[in-house]
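Engineer: Sequence plus the predicted model coming up.
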Amino acid sequence: MSDKTGTPIRDAATVIVLRDRESRPRVLMGQRGAGAAFMPNKVVFPGGAADAGDAAVPLAAPLTPLCAARITEDAVSSHPNVLATTAIRELFEETGQILGRPGDWPGTPPSDWTDFAATGHVPDASALQFVFRAITPPGRPRRFDARFFLVDAGALAGDPDDFSAASDELSHLQWVALDEVRAHDMPFITEVVLAEVAARAADPEPPASVPFFRNDDEESLFLRLGKRAPLSGRA
């Protein structure tokens, strides 16, 4: 998919890992580098664009039917579990955290998954909850159709404070309390997503409807997947 200027709009997935729901909720965030082409210096959640190899990766368990149905709504192509796989890969690459079950891969993993497979785990999407979708506005050097997934830190396979296996894509990895998160330099859309996360922090169930910040070439709309009416009209 591309916009009218020919800029490709790539599928992407972002992961919001939440811990301490019942006391003082915190989310896992890191800082993008100053030289990054997209959102330099910003504090963000781990995430990135889908890779071709993600479609060939086996899942120990898929997304829930509700989350899969919401992802396919108003989408050009239907590949909810591929986006979930992307989310798991990006989480591992950028933080070293594993969302998976112990097990053997049925064949040779794609090159981007070699290190994940070496941990002895197969990716597991069952704990991911689809909670937000946003398309990057026109005029940006890169545009993404990003799906945001929420997952409880209790679903991680290892120590949630161990970032020793992380790449250098994000620096200053840390658990940020929701009541202090606005002290950080974040993209606008991250602030919007965090407001949704804060509202859902006490509810462990996946949402029946999902906010969708749709930026077309002509207009921007806040919609809700699962409900056809706009949330607040044109932005």
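Structural biologist: Alright, I've got the coordinates.
Engineer: tell me the strands in the protein, going along the chain?
Structural biologist: Counting by DSSP state E, the chain has strands at residues 9-19, 26-32, 43-44, 47-49, 100-102, 121-123, 129-135, 143-152, 170-177, 210-215, 220-225.
Engineer: which residues of the protein score low on pLDDT?
Structural biologist: 1-6, 34-38, 77-78, 218, 228-235 (pLDDT under 70).
Engineer: would CSV of the strands of the chain with mean neighbour count be doable?
Structural biologist: Every C-beta, even on glycine, is put in place using the N, C-alpha and C of the backbone. Below are these laid out as CSV (neighbours: other Cβ atoms under 10 Å):
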stretch, mean neighbour count
strand 9-19, 22
strand 26-32, 22
strand 43-44, 21
strand 47-49, 20
strand 100-102, 16
strand 121-123, 23
strand 129-135, 23
strand 143-152, 24
strand 170-177, 16
strand 210-215, 21
strand 220-225, 17
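Engineer: Correct me if wrong: residue 90 contacts residue 45.
Structural biologist: No - counting by Cβ atoms under 8 Å, residue 45 is not a contact partner of residue 90; they are 9.3 Å apart.
Engineer: Residue 79 is nearest to which of the strands of the chain?
Structural biologist: With Cβ to Cβ as the criterion, residue 79 lies closest to strand 9-19 of the strands of the chain, at 7.7 Å.
Engineer: from the chain's centre, how far out does that closest one sit?
Structural biologist: Mean-position distance between strand 9-19 and its chain equals 1 Å (Cα atoms, centre = their mean, to the nearest Å).
Engineer: just stretch 166-178 next, same as before
Structural biologist: For stretch 166-178, the distance to the chain centre is 14 Å (Cα atoms, centre = their mean).
Engineer: neighbouring contacts of that stretch?
Structural biologist: 19, 24-33, 43-44, 46, 48, 93-96, 160-161, 163, 184, 194, 197-198, 201 (Cβ atoms under 8 Å, 6 or more residues apart in numbering).
Engineer: got any residues that touch both of residue 90 and residue 45?
Structural biologist: Between them, residue 90 and residue 45 share these contacting residues under Cβ under 8 Å, 6+ apart: 14, 15.
Engineer: Could I get the CA-only coordinates of stretch 130-138 as CSV?
Structural biologist: In CSV, the C-alpha atoms belonging to stretch 130-138 read as follows (Å, rounded to 0.1, in the frame of the first residue of the first chain):
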residue,chain,number,x,y,z
PHE,A,130,-4.8,-5.7,20.0
VAL,A,131,-5.6,-2.3,21.5
PHE,A,132,-4.8,0.5,19.0
ARG,A,133,-4.2,1.1,15.3
ALA,A,134,-2.6,4.2,13.7
ILE,A,135,-1.5,5.2,10.2
THR,A,136,1.4,7.7,10.1
PRO,A,137,0.2,11.0,8.7
PRO,A,138,1.1,12.1,5.1
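Engineer: more crowded one of residue 90 and residue 45?
Structural biologist: More crowded of residue 90 and residue 45, by other Cβ atoms under 10 Å: residue 45, with 27 against 24.
Engineer: residues in contact with that one?
Structural biologist: Neighbour list for residue 45: 14, 15, 16, 27, 28, 29, 148, 190, 193 [criterion: Cβ under 8 Å, 6+ apart].
Engineer: okay, these in a markdown table with distance to residue 82 next?
Structural biologist: Shown next, in a markdown table, are the contacts of residue 45 (distance: Cβ to Cβ, whole Å):
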| residue | distance to residue 82 |
| --- | --- |
| 14 | 15 |
| 15 | 15 |
| 16 | 19 |
| 27 | 24 |
| 28 | 23 |
| 29 | 25 |
| 148 | 16 |
| 190 | 23 |
| 193 | 21 |
